[in-house]
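1. Sequence plus predicted model, see below.
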Amino acid sequence: MSDHIVINGKSVAVDDQKPDASESGYILIRTTGEPLNRAKKLELATLGVKIQEFVGQNGQQVYLCGFQNDSLERVRKLSYVDYANVYLEDFVVPDVLQFAPMNMLASVDAGQEAPEQVEVDVLLHHDIDTVPPELLEKIAAIAQVDPSATTVSEDTASSSMVRIKVDAAALEQLAELDEVRVVHPVLERVLFNNVARRVLGFEDIQDRVAANYNYPRPTGGPSVRDMFGDEVADAIEERDAEQLKLAEKDKETMRCDGSGQTICVCDTGFDMGSTTDVHDAFHDRVKGLYAWGRLGNNGTNDPDGHGTHVCGSVLGSGQHVTEGTVHGAAPAATLLVQSMFVRFNYATQSVLGGYPPDLGQLFQQAYDAGARVHSNSWGTPMLPSTRVQRPYDTAAASIDKFVWDHQDMTIVFAAGNEGQDADLNGTVNERSLGAEASAKNCITVGACESYRPDLTVAKTNAPYSYGTFWPDRYAKNPLKDDHLADNPEGVAAFSSRGPTAENRLKPDLVACGTAILSAKSRCKKYQTSVDKTGVSGDTRYMYLSGTSMATPLVSGCCAVVRQALYDAGYADVQEEINLQQNAVMEADSEKRSQHVLETRHNPTASLIKALLINGAVPIRGQYMPEYLPKELPEGLPNPHSGFGRVNIAATLANIKQTDYSGWTCNTVHEEEEKAFFMLLSVPLPQNIAEGDYHKPEARGVKTLKVTMAYTDLPGAALANDLNLVVVNVGQSKERHGNQGPDKEFAKGSKEGFDRNNNVEQVVWPDLQGGDMICILVKPYRLMSERVPFALVWKFT
């Protein structure tokens, strides 16, 4: 057992224990190794321990608890308790705060000095729902301001919170307040600034429909009726009519345009700031615009152009004068936009603002307006002075909290554009994600390259290379002269890499993020650099690159997946069963049907994430570290490309329930402490003879791919820990989530489990046709009474 406990990035020795808890109402408990089960939690409750959050890292089972007794003796004597001590003030102020004043420089104009104070969020313990006036006065006194100068947020992701500006020297005084759990810096957010659809797999869907149902017809010469007679001609016409019906039905069930879905984009603004006078790529589909950064007139227009370009990638549908049709990922979806643009700084870079202390307020506004996908191409970058990655903070917690409370809301964030070959060794460094991108319950998107190998810079025909755009960051080959958009199998060099500061796997997915052609705002202020990223040839469109561009493409795909689930009759099975039982008492069949219709619920964010990840394809990557193989197999997620590049065709094919693919949503319960399981049979070849069932060479082989995803409680650590286990029943062998495609374990093994991630995948190649497979979702640690999850599987 480690002799240190790490919380909020601060490491404290376990031998530094207080004699009792008389001076604090909060304690830490570390177990001897296993998580606390329900019985142990109940026993601790009888001793006055109220478990509030799981905070363990590196395999340690550590719990933050409320405790109103003075003596810790009885708690420390419990056989399963290794450590019990008060929550020390040493944990409260993360090391990252000492650099916070430097991080405000991005929004400071030339000639201004860096601020001497730091703005912080003072997060209170979880049992403090409202801020007592006397506590607010203490906090204000430490900051030497009037209480009215503070911003109080209650019922947020981290219970109550006070935002205030304070001298760095006074941070230790804040930590001495027993009610304070952690202090996070308030940081500035920045932008993460038709070919893409093809790389994402949309054309595969259209090609499949065409290949199945389009038949060539002879042109000129004698007709079929003349050559073969009326009987044959009639039969052919009947066949064609039936195939046409099937084609129309297949096209309807394979719709992939986002119809009926509403997507909210939070960015710099939208076009002219009007829902009626809009860029022609958005005709009649702009539902609402909301001003957050500028509250006066024209508070939602887009002088930067970033927001309009992002909106076009999500759901634009227009005609380029030379490129032809330019579609976003969901060209029939409806748009909401939240504008965060405030002004331009001295370098003509956008300054964003208006973000509430609890980002849940942003999400709630969109949710109330009907959006179930929220796209965010912005975030908090790395510490500029040290290039230290941001830890999980208030913003990440608010994202996780909102999705936990609204499990049908899919929130998508850009990974960031901090990728760099800092060591000049041809490898892009890891751990460069934005703070928001570390949230557990969002989909974090990195960028791979697009395919426009003929593009050049501006009108000078300069090389379209990483070194041209970022000469300081990519000063040496092989990155310096590499074309920015000629390899969809490669992760873009600028794309931020994981893992998170908490060692969680991010990004989740990648999508095209270089040289993306999309709509240009008609009120874009600075035009001089428009052609730098590629001459569009149409003043209504422009090229941009960044994880900002990959993120809206994935957001649009989320809407398409939701649409497909609705078309497939999505329903919450557990609720449907309950309502059907009630409906049995109804004699009228029409009423029974109405009960079943009422059971339909919005698809969960976990199901959307699991479907996209299970359909993703591994990419070979580029500039990868040596520990990763050059040919990345399926089932080996990594902190560069995550689980792979989005392939919408494969994802939509997985929605159809067949012997080869399927999905389910279910729940594990703390009270039962039982695993969920389902049995599958590996499909046999369709033409196998009955007498060949027992011949291995005749049964064929298949690869099984299974993905589990669930929404977790807010907090830096993984609170609810579910394990994905796949068992080959006949061989007594099993595989565990995120352990790679080659690792097998003995049945019932207690080793080889992922303790950091709420997305897990197993890929098992070379399974014999007819083999029985058992898929389990096993609870290891539960901090909630029930944890819903999504499970997606397919054989190939």
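-> Arrived safely, thanks for sending.
2. Compute the number of surrounding residues for Gly635.
-> For Gly635, the count of nearby residues is 26 (other C-beta atoms under 10 Å). In short, each C-beta sits where N, CA and C put it, glycine included.
3. what residue is smack in the middle of the chain?
-> Nearest residue to the geometric centre of the chain (C-alpha atoms, centre = their mean): Ile443, 0.8 Å.
4. Just give the closest residue to that one, not the sequence neighbours.
-> Excluding its sequence neighbours, the residue lying closest to Ile443 (C-beta to C-beta, 6 or more residues apart in numbering) is Val412, at 4.7 Å.
5. Give the full set of residues in contact with the one you found.
-> With contacts defined as C-beta atoms under 8 Å, 6 or more residues apart in numbering, Val412 is in contact with Val373, His374, Ser375, Asn376, Cys442, Ile443, Val445, Thr551, Val554, Ser555, Cys558.
6. thinking again about what came up before, does the residue nearest to the centre of the chain really touch Ile411, like I thought?
-> Yes. Using C-beta atoms under 8 Å, Ile443 is in contact with Ile411, at 7.3 Å.
7. one step back: for the residue nearest to Ile443, give the beta-bridge partners.
-> Beta bridges link Val412 to Ser375, Ile443, judged by DSSP bridges.
8. Which pLDDT does the model give it?
-> Here the pLDDT value assigned to Val412 is 99.
9. Also Thr151?
-> 89.
10. hang on, the earlier thing: among the contacts of Val412, which ones are buried?
-> For the contacts of Val412, a neighbour count by 16 or more other C-beta atoms under 10 Å gives the buried set as Val373, His374, Ser375, Asn376, Cys442, Ile443, Val445, Thr551, Val554, Ser555, Cys558.
11. need the contact list for the first one.
-> Okay, so that is Val373. Gln261, Thr262, Ile263, Cys264, Met409, Thr410, Val412, Ser555, Cys558, Ala559, Arg562.
12. can you tell me how far it sits from Val787?
-> To Val787, Val373 is 23 Å away according to C-beta to C-beta, to the nearest Å.
13. got it, and the second one?
-> Distance check for His374 against Val787: by C-beta to C-beta, it reads 23 Å.
14. Surely Glu134 is within a helix?
-> Yes. Membership of Glu134 in a helix is supported by DSSP: H, G, I helix; E, B strand; the rest coil.
15. Lys705 is in what secondary structure piece?
-> strand 701-710 (DSSP states H and E).
16. ok, and what's touching the following helix or strand past that strand?
-> Note on strand 701-710: by DSSP H and E, the next helix or strand toward the C-terminus is strand 721-728. Strand 721-728 is contacted by residues 35, 668, 675, 704, 706, 708, 710, 733-737, 747, 753-755, 758, 760-762, 764, 767, 771-782, 787, 789 when judged by C-beta under 8 Å, 6+ apart.
17. Show the buried residues in those.
-> Of those, these count as buried by 16+ other C-beta under 10 Å: 35, 668, 704, 706, 708, 710, 734-737, 753-755, 758, 760-762, 764, 767, 771, 773-779, 781-782, 787, 789.
18. Show me which positions of the helix or strand harbouring Ile27 end up buried.
-> Per DSSP H and E, Ile27 falls inside strand 26-31. By neighbour count on 16+ other C-beta under 10 Å, the buried set for strand 26-31 is Tyr26, Ile27, Leu28, Ile29, Arg30, Thr31.
19. will you turn these into JSON lines that also has distance to Asp167?
-> Formatted as JSON lines, those follow (distance: C-beta to C-beta, whole Å):
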{"residue": "Tyr26", "distance to Asp167": "26"}
{"residue": "Ile27", "distance to Asp167": "30"}
{"residue": "Leu28", "distance to Asp167": "29"}
{"residue": "Ile29", "distance to Asp167": "34"}
{"residue": "Arg30", "distance to Asp167": "34"}
{"residue": "Thr31", "distance to Asp167": "39"}
